[in-house]
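A.B. asks: structural data only, the sequence is not supplied:
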């Protein structure tokens, strides 16, 4: 059985990565590829890395072109998914890589996005406790943000095990593909190469409420999050460095803490808890759906430091989307997804 | 049917890329992985990007560990292959990623390598006319150098069609993985980032005689080659910019020249002759076995300019090796080899 | 005595580099800094690397704001300099970093720029024989293109000494600041990092006629040029790899050829002919007005290979402009110009 | 008056940057340049970016070659400074860029360095309250670590003003020159480009006790520090992202907090407190002695986030060393030090 999939937003970075993964997915046939400004152009003119799909023409992003597929991936700016999804057959699996359906709280949505809340769809982070069951058989999936994927995988086992206090401090570095493909001077190569800089400092980044939602869900209490994203001189990858104070009375040796992580990730095909002493690196997960995770205890600061590395476009977006699609459709979760990275 | 393969030199960059490709090759089972200084260490400590192979231990590189496999890949410094191959069963397919068996001419070998010529094995560049037949059923393959792969694919159709004079001028840029993994100060990140520099200028690079051999073979006359390699601030990729004077009387419009390339590459699964106006980029072939090729005619200088881009570790080494293995074993040539790249 | 200078186009990369150099030039006081779209904004918002000039406001680029200065630097898109210069006092030294007045030949201008020829001004490459005298006391200077600076310094001594044939083949790599600051998708960091690609292949780059003009001037005959520019993943720098066939009967040992270069550059403060065996690197000239030059003879191909490295924004644009200003004003040629680079 | 300076360790990155700065310092004459393994080689073979010093020969690093200078800079691995300094004239100003004399606490030294404490010298971070007076007229200076320079400048005004709790969380990214010039596989260009990774996680980095010392000094109480350094794909630069909880009752608007920073940095020539809304970037301080600083208050997490960017080799090492030398010698503090950066 082969499912027929469409990709809306196929001219962007997330769309290109979806197509790369779907083109080698044995259970999938690629149907419509759509865009906005590039409508009518050959796909290869905007995704030159995909010769297998050479000859495809970018269609208009609308319900007419997206209908008639078993699965529709939306890789669009936020605010466009709800209307499109409403026009599609309810039985079509719609996988939204945008933000529209990630937050449960209308108040949080309105505060951070300044518009009306569209709703909440099953959240495509299968490793989060309870989520896999929500995804099975669903026809609507909200793919997590790239930072929330990296940060949640680094931190949630500590919260699930009650090891740390509900105040997380997170500094994450992202490759510049995270800023998307629309040209702005501050993302020119000449500006970003050789440079590290923060942005959205002070709690303003839109992934903050998603982090709060995920960590609070497993902690069973409200977790506050101090989140500072930084832009790193690389095309892809997220390195998330997270920490929180150890709870008084909680186990505080690395071995005890590691046990919580070993339990959480024992059967996860896409989370690699590294052996003690080895640390995640974004280069090691380039192009793969693997998240590398490692932890350390700082006895002086009495903090647990949790670090993860993901490819922001693969596990952080398109790979996570395909993984969730596999679950929703009843396919093997790992089907068509690389776990080995392209390094060096 | 699954063939059992060993990789000697598994701790280096070529070895790592071989393992990445072989791990997802449906006709292959990975047996011994061997090294020198890293013997006894887990593979994951030197190839952290390959979680699928976590748990493997690096064995010693010697005939004892390599025997009993259907295929043995050698990714070793030059000078070591002949002795090892001699100790293996003659029926074992030995694929040498080193230089030892690339040159037909003992004189050329001795001049550029300063040691005795080991011999000549069928040359693993299937796109070169006549080569595919030499590879079928062979038990010995010499994988081309990374530069010769890129340059030969850019230039040979022009020589095969008699379009250009037998004096080629080539300037090529390589990513720094081409320098290998043994640490030298001039390849430190702080030295190479932000820097372009040439090396081996004036005809001294050891890939020069291989270029002469390949181009002369198709030209039917001796082609001289001016080859200048340069080091570029990127981990992977080769961009080869090649040119030669148009022969007097030869066709000189781009369309006429293009016809020679269209003919040469019509049925090649791994060479992508780009549509007019689009140019190769190393980013577009990252991690893929595709070579992008494009040409232009300069009417003022009366030269044909031919440009190619390959991933030096994939099509330029490990991918080319697997492609040739497929042919030798009678498998589909494309089996297990990605043609889509990881971009951006 | 202090001269008062204005910089038009101060929000771009060339403008920023002019201001960096002028701010530490002991004979200069910076007056108006002007722009187009950024008029009214503080300079520091577009040139955050220049805290010494914090507080300056970008004025409108027009004769009114530029008048009343001893020197006016124009760092504008081509086509705008002639009209502005005409409105300035004839005694004002106008230094045009754009292309408008670089070409002597109206036909060449019209062919490559598609507009009417504005004229020819003394050419700001003091190292080129005869040019220094043209610059002394002039009130108009056309700053060379960045590629022509690098290429001409690499090749002209060979042509001046009659060593090589009048067909030069040039492949040059540039950092992405050469593409300027206006945002285009193909120059986004995510596109350029990890990637080498050519552009303007086949003789179409607008610096080609300038190369022909410079080399023909010293050769005393028409030199044809095959020029292929490539984009390299670095912010700054040009590496030019140039070659030409040795003339029959010309000296052909490296020592003999080197003598021509030693003569040409014996007293040049900004050209560093490297000792035999060391090669130029763009990192070594970052932020400096130095051009590194080296040569090699390829006895098999009978070609001379000449390589140079410059910082495209310093010696390649702003530094060359200041150097020529110094000459025009009768100041020491080296005043205010760094020769040491910022490395690693 | 010109002082005569020697640089020990002139073949390394810190040594090269010292020479770049000293070569353009108007009050300085460069005497001996010394090394270990490169003794007898021309300086230009290891510092090709310094043509002004071409012709210098690297001498042996020993008291004999260093004697007879007014100032001796030591850019050596830790453990070598004490013995050398003891052999020099007590009146010679010795500026140690290594770690040996940075820590007051013998216990902290022994814990982090595993050897006997050499002592404590006046600490070359003039911006830290009280330090400038210690530096005036001294003949011994301990240059701060690169991370402590960046972090202390970001955080100390908040501690000096009593705004935050004594538990700081710091994640900093450094360019790879911070790892020095001795070749190790993990710092090869192919490994670091495209990759972010942490190291020394959990409190083990040797700069941690220096951070504790600096922050505790201004806070007047023991400050614990959670410090995670990360390696970024760039040659130079440190971006330090620091945060701490706001004290109950402390001012908590950005304006109130900013006032503490405005006070601290009002007269500092090398600290640039950015206007609200602009954030530090390492590219903006490349090659300059400027530290950019910015702050934000996160009202949800009730934390103050303080970010700084420095060039690790300039303000973070060699520039800070020259700045402190200027103070010790009674020269203007800013003499010979660039504040404008080389960007883009």
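C.D. replies: It's in. Bear in mind the structure is a predicted one, so any value in this text is a computation, not a measurement.

A.B. asks: ok, which residues in chain A are in contact with chain B?
C.D. replies: Residues of chain A lying near chain B by C-beta under 8 Å from any C-beta of the partner chain: A:13, A:16, A:20, A:23-24, A:44-45, A:47-54, A:177, A:193-194, A:235-236, A:272, A:274-275, A:278, A:281, A:283-288, A:290, A:292, A:338-344. Backbone N, C-alpha and C define where each C-beta goes, glycine included.

A.B. asks: inside helices: which ones of the residues you listed?
C.D. replies: Among the residues of chain A next to chain B, the members found in helices (DSSP state H) are A:13, A:16, A:20, A:23, A:44, A:45.

A.B. asks: let's see the pLDDT reported for the fifth one.
C.D. replies: It stands for residue A:44. Looking at residue A:44, its pLDDT reads 96.

A.B. asks: let me see the contact set for it.
C.D. replies: By C-beta atoms under 8 Å, 6 or more residues apart in numbering or on different chains, the residues touching residue A:44 are A:50, A:51, A:53, A:54, A:55, A:56, B:275, B:278.

A.B. asks: likewise the fourth one?
C.D. replies: Residue A:23 is in contact with A:30, A:50, A:52, A:53, B:340, counting by C-beta under 8 Å, 6+ apart.

A.B. asks: buried ones among these?
C.D. replies: A:30, A:50, A:52, A:53, B:340 (16 or more other C-beta atoms under 10 Å in any protein chain shown).

A.B. asks: next up, the contacts around the second one.
C.D. replies: To tie it back to what came earlier, the one meant is residue A:50. With C-beta under 8 Å, 6+ apart, residue A:50 has these contacts: A:16, A:19, A:20, A:23, A:43, A:44, B:340, B:341.

A.B. asks: which two of those residues have the greatest separation?
C.D. replies: The most widely separated members of the contacts of residue A:50, counting by C-beta to C-beta, are A:43 and B:341 (13.9 Å).

A.B. asks: the more surrounded of these two?
C.D. replies: Between residue A:43 and residue B:341, counting by other C-beta atoms under 10 Å in any protein chain shown, residue B:341 is the more crowded of the two (29 against 24).

A.B. asks: quick one: the more buried one and residue B:288 touch, right?
C.D. replies: Yes. With contact defined as C-beta atoms under 8 Å, residue B:341 counts as touching residue B:288 (4.1 Å).

A.B. asks: common neighbours of the two, please.
C.D. replies: What both residue B:341 and residue B:288 touch, as defined by C-beta under 8 Å, 6+ apart, is the set A:49, B:311.

A.B. asks: domain parsing for chain A?
C.D. replies: What automatic domain parsing lists as the domains of chain A is A:3-144+A:315-329, A:147-311.

A.B. asks: got the end-to-end distance for the first one?
C.D. replies: From its first residue to its last, domain A:3-144+A:315-329 covers 9 Å (C-alpha to C-alpha, to the nearest Å).

A.B. asks: show me where the stretch 51-200 of chain A has its helices.
C.D. replies: A:63-66, A:81-87, A:106-113, A:131-135, A:146-160, A:189-192 (DSSP state H, counting those that start in this stretch).

A.B. asks: among those helices, which is nearest chain C?
C.D. replies: helix A:189-192 (3.6 Å; C-beta to the nearest C-beta).
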